[in-house]
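Undergrad: Pasted the sequence and its predicted model underneath.
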Amino acid sequence: MDVFNLHSQVVSEYEKYVRSFYNFRDKRIIEFVDSSLSRGRLWPEPLIQLNPAFEVGGKIGSLVSESILDKECLNIFRRNKSASSQGDELILYKHQHEAIIAANQKKNYVLTTGTGSGKSLSYIIPIVDHVLKTGSGKGIKAIVIYPMNALANSQLGELEKFLGVENPKVTFKRYTGQENLEEKTSIRENPPDILLTNFVMLELILSRHDDRHLVDKMKDSLRFVVLDELHTYRGRQGADVAMLLRRLHCTLDFQNIQMVGTSATMGGGNTWNIDFHGNKSTLTLRCR
């Protein structure tokens, strides 16, 4: 198919349609409308964009063979999984591979990369690996904070795709205010390994008496705090989230917690050494 020829045909037919329903008496108006239509006022030139090709970093199996990831990750993270098929081994992009290595070295990191390049796997794989190595059901080990419920809902679907719904080896729950009282009570009584939430709900968790059990289940087990769509936390909202993280820091032992941020919007290419609550950390910003 010649997309440019198709575009010309569509524009031509649309122009005939537009011109068919106007009949002006004033010559000046006719000249103005004809001039505007001739310049393509209603049909701009086609926009041409290139889809980025992300650099490949290897397979999950190579990280398992190097004892960086638990062997069960090879069975969990697969492409085209279905009820009747185990699917294919997952091939990682280079930025995902580097993020997993950074997490394995207990570093804080920020990952910026293009939309559709698997940012979520850059922290989901290390989190799942950590739970597999330390055992499920021993408290909340990761909090993933989203700026919008829609993102949390989308991530819930991704986790269900990889880990399954019935008796997953790593448990996960969404706790955003969308849940009914029965679901909230169940989460409070049986906290998951991975908690998906938003910054408003996290503030409530740290404030409400009813959620105190969730906080208790974080104190000795929490390893990862993830801020997805990091670029959204600016201005007043950024100040609110900064204060929230300081409050979380005062409540928990941040010496054992890794901070992770992801974004498809932040520009970068540099490596910055920053001081995070007294701990020197390397945050690598990458765009590929």
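TA: Ah, there it is. Everything quoted here is computed from the prediction, not taken from an experiment.

Undergrad: how about the strands in the stretch 1-150 of the chain?
TA: In the stretch 1-150 of the chain, the segments counted as strands under DSSP state E, counting those that start in this stretch are 56-59, 78-79, 88-89, 91-93, 109-112, 142-146.

Undergrad: Need those strands in a markdown table (columns: distance to residue 235 and mean pLDDT).
TA: In short, each C-beta sits where N, CA and C put it, glycine included. Formatted as a markdown table, the strands of the stretch 1-150 of the chain follow (distance: least, Cβ to Cβ, whole Å; pLDDT from 0 to 100):
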| stretch | distance to residue 235 | mean pLDDT |
| --- | --- | --- |
| strand 56-59 | 35 | 88 |
| strand 78-79 | 39 | 89 |
| strand 88-89 | 43 | 89 |
| strand 91-93 | 31 | 92 |
| strand 109-112 | 19 | 91 |
| strand 142-146 | 17 | 95 |
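
Undergrad: Redo these as TSV? Include distance to residue 44 and mean neighbour count.
TA: Output for those, formatted as TSV (distance: least, Cβ to Cβ, whole Å; neighbours: other Cβ atoms under 10 Å):
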stretch	distance to residue 44	mean neighbour count
strand 56-59	36	15
strand 78-79	38	13
strand 88-89	41	13
strand 91-93	34	20
strand 109-112	30	24
strand 142-146	35	25
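
Undergrad: Dump those into CSV; add distance to residue 14 as well.
TA: Below are those laid out as CSV (distance: least, Cβ to Cβ, whole Å):
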stretch, distance to residue 14
strand 56-59, 42
strand 78-79, 41
strand 88-89, 44
strand 91-93, 40
strand 109-112, 39
strand 142-146, 40
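
Undergrad: Okay, buried residues for stretch 155-175 please.
TA: For stretch 155-175, a neighbour-count test (16 or more other Cβ atoms under 10 Å) marks 155, 156, 159, 162, 163, 168, 170, 171, 172, 173, 174, 175 as buried.

Undergrad: Kindly report the same for stretch 175-189.
TA: Buried residues in stretch 175-189, counting neighbours by 16+ other Cβ under 10 Å, are found at 175, 176, 184, 187, 188.

Undergrad: downstream neighbour of the helix or strand the fourth one falls within in the secondary structure list?
TA: It stands for residue 187. Counting by DSSP states H and E, the element that carries residue 187 is helix 181-189. Tracing the chain past helix 181-189, the next element assigned as helix or strand by DSSP H and E is strand 194-198.

Undergrad: Give the other helices and strands that that following strand contacts.
TA: With contacts taken as 3 or more Cβ pairs under 8 Å, 6 or more residues apart in numbering; DSSP states H and E, strand 194-198 sits against helix 121-134, strand 142-146, helix 149-163, strand 172-174.

Undergrad: closest one to residue 27 among these?
TA: When the helices and strands packed on strand 194-198 are compared by Cβ to Cβ, helix 149-163 sits nearest residue 27, at 52.2 Å.
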